[in-house]
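Novice: Sequence first, predicted model second:
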Amino acid sequence: MNKAIHMSLPDATTPTDPSANIVSVRGITKFYGSDVHALEDVNLDFPTGQMTTLLGPSGCGKTTLLKIIAGLLETTSGEVMVKGKAVTSPGPERAFVFQDFALLPWATVTRNVAFGLELTGVPLKEREAKAKSYIDKVGLSGFEDKYPHELSGGVRQRVGLARALAVDADVLLMDEPFSAVDEQNRRKFQEDLLHLLSVENKTVIFVTHSIEEAVYVSDQIVLLSPRPGRIHSIIRPELDRSSSPDDIRRDKVYLDTVEEIWGNIREYLD
Ligand SMILES: Nc1ncnc2c1ncn2[C@@H]1O[C@H](COP(=O)(O)OP(=O)(O)O)[C@@H](O)[C@H]1O
Ligand SMILES: [Mg+2]
């Protein structure tokens with residue numbers, strides 16, 4: 001018996017409860033020029049304090065949707081609501097975490113972690129103190145004065161994660177943040193991310209094309225169909241998160257949810 005819970009889809013007219021859903025999108029359609037139909041009528045709620053994953057094949061519009069939510073890209077039609085208000089540009093409550101975390105090669109770990117704060121004009125002493133606290137939280141103590149080329153891939157990812165957390169945005173928009181790391185580090189990161197989220201109370205909108213990763217990290221998984229991206233289904237894996245990571249990955253609920261998503265994907269590939 002599969003314990004993953006299926007959600008009904010909101011439609012363009014469903015009102016949004018800003019206290020339950022920090023971000024909502026209504027009726028998002030996106031064309032690039034007149035030919036490329038990237039998204040079609042996407043309606044979604046992102047519950048406050050939860051991790052929602054956008055999952056789907058390459059080219060289905062995941063990055064497009066994330067950039068629209070970030071306010072970095074205009075919609076063709078539809079609306080993004082943050083805390084109940086329509087937005088059309090970036091804002092301090094949303095932080096976009098670029099693919100592979102994109103560190104500044106010429107800057108130390110401390111400066112990289114503080115970089116988001118530097119952009120928003122936080123004074124040097126204050127941002128260094130804040131950077132230091134996140135450096136400690138993600139286990140980077142001792143690496144403060146190193147440069148990215150001196151670090152392993154796994155440590156670099158950790159720097160990116162600390163930077164994302166340091167900007168103090170309520171909503172983190174993460175576009176395939178673990179795509180360039182090997183499988184072992186990737187698992188370690190998924191665990192670190194979950195741990196940090198459990199103490200930081202952030203809302204995360206996470207993009208991946210890995211089914212296993214989606215099931216492992218998510219409260220809510222939004223499966224998108226191939227282009228134009230539409231919501232195929234919404235799945236809430238009900239994992240017992242008190243188990244160890246290895247036990248979670250061996251758990252029947254985890255395995256069944258992975259299989260179920262495969263089944264859904266087969267359906268639209270046929
Ligand atoms: N700036 C752009 N101009 C034209 N087409 C684009 C642009 N950006 C993305 N696309 C196209 O839109 C579709 C969705 O892209 P994207 O959101 O990057 O998908 P995903 O992140 O799911 O791989 C793809 O077919 C892509 O080629
Ligand atoms: Mg993408």
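Specialist: Right, received. Where do you want to start? Ligands and ions are numbered 1, 2, ... in the order given.
Novice: Could you list the low-confidence segments of the stretch 51-200 of the chain?
Specialist: Applying pLDDT under 70 to the stretch 51-200 of the chain flags residues 98-101.
Novice: which stretches of it form strands?
Specialist: 51-55, 77-82, 85-87, 94-97, 171-175 (DSSP state E, counting those that start in this stretch).
Novice: In JSON lines: the ones you listed, plus mean neighbour count and distance to residue 111.
Specialist: Placement of C-beta: from N, CA and C, glycine included. Output for the strands of the stretch 51-200 of the chain, formatted as JSON lines (neighbours: other C-beta atoms under 10 Å; distance: least, C-beta to C-beta, whole Å):
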{"stretch": "strand 51-55", "mean neighbour count": "25", "distance to residue 111": "28"}
{"stretch": "strand 77-82", "mean neighbour count": "18", "distance to residue 111": "29"}
{"stretch": "strand 85-87", "mean neighbour count": "12", "distance to residue 111": "30"}
{"stretch": "strand 94-97", "mean neighbour count": "23", "distance to residue 111": "17"}
{"stretch": "strand 171-175", "mean neighbour count": "23", "distance to residue 111": "20"}
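Novice: Would you confirm that residue 202 contacts residue 173?
Specialist: No. The criterion here is C-beta atoms under 8 Å, and residue 202 misses it with residue 173 at 10.7 Å.
Novice: Run through the residues that contact the most centrally placed residue in the chain.
Specialist: Centroid-nearest residue in the chain: residue 206, 1.9 Å away (criterion: C-alpha atoms, centre = their mean). Residues in contact with residue 206, defined by C-beta atoms under 8 Å, 6 or more residues apart in numbering, are 51-54, 174, 177, 214, 217-218.
Novice: Who is it paired with across the strands?
Specialist: residue 53, residue 174 (DSSP bridges).
Novice: any idea how far it lies from residue 128?
Specialist: 29 Å (C-beta to C-beta, to the nearest Å).
Novice: Of the strands of the stretch 51-200 of the chain, which is nearest residue 65?
Specialist: strand 51-55 (6.2 Å; C-beta to C-beta).
Novice: what's next to that closest one, contact-wise?
Specialist: 44, 46, 62, 65-66, 194, 197, 203-209, 211, 213-214, 217-224, 261.
Novice: let's see 7 Å
Specialist: Strand 51-55 has contacts (C-beta atoms under 7 Å, 6 or more residues apart in numbering) with 46, 62, 65-66, 197, 204-209, 211, 214, 217-224.
Novice: what number of residues lie near residue 227?
Specialist: Counted with other C-beta atoms under 10 Å, residues neighbouring residue 227 total 18.
Novice: Next up, the contacts around it.
Specialist: 37-38, 59-61.
Novice: same deal with residue 109?
Specialist: So residue 109 contacts 135, 140, 143-144, 146, 159 (C-beta under 7 Å, 6+ apart).
Novice: and if we set it to 6 Å?
Specialist: 143-144, 146, 159 (C-beta atoms under 6 Å, 6 or more residues apart in numbering).
Novice: Of these, which is the most crowded?
Specialist: Top of the contacts of residue 109 by neighbour count (other C-beta under 10 Å): residue 159, with 27 neighbours.
Novice: That residue is in contact with residue 110, isn't it?
Specialist: No. At 9.5 Å, residue 159 does not count as touching residue 110 under the criterion of C-beta atoms under 6 Å.
Novice: Identify the contacts common to the two.
Specialist: In contact with both residue 159 and residue 110: no residue, using C-beta under 6 Å, 6+ apart.
Novice: about what we covered before: ok, so of the contacts of residue 206, who is nearest ligand 1?
Specialist: residue 54 (7.9 Å; C-beta to the nearest ligand atom).
Novice: so how far is residue 6 from the closest one?
Specialist: From residue 54 to residue 6 the distance is 17 Å (C-beta to C-beta).
Novice: same check, this time on residue 124
Specialist: From residue 124 to residue 6 the distance is 50 Å (C-beta to C-beta).
Novice: ok, residue 190 to residue 161 distance?
Specialist: Distance from residue 190 to residue 161, by C-beta to C-beta: 11 Å.
Novice: Show me which of those two is the more surrounded one.
Specialist: Here residue 190 and residue 161 are compared on neighbour count by other C-beta under 10 Å; more neighbours surround residue 161, at 25 against 19.
Novice: All good on my end, thank you.
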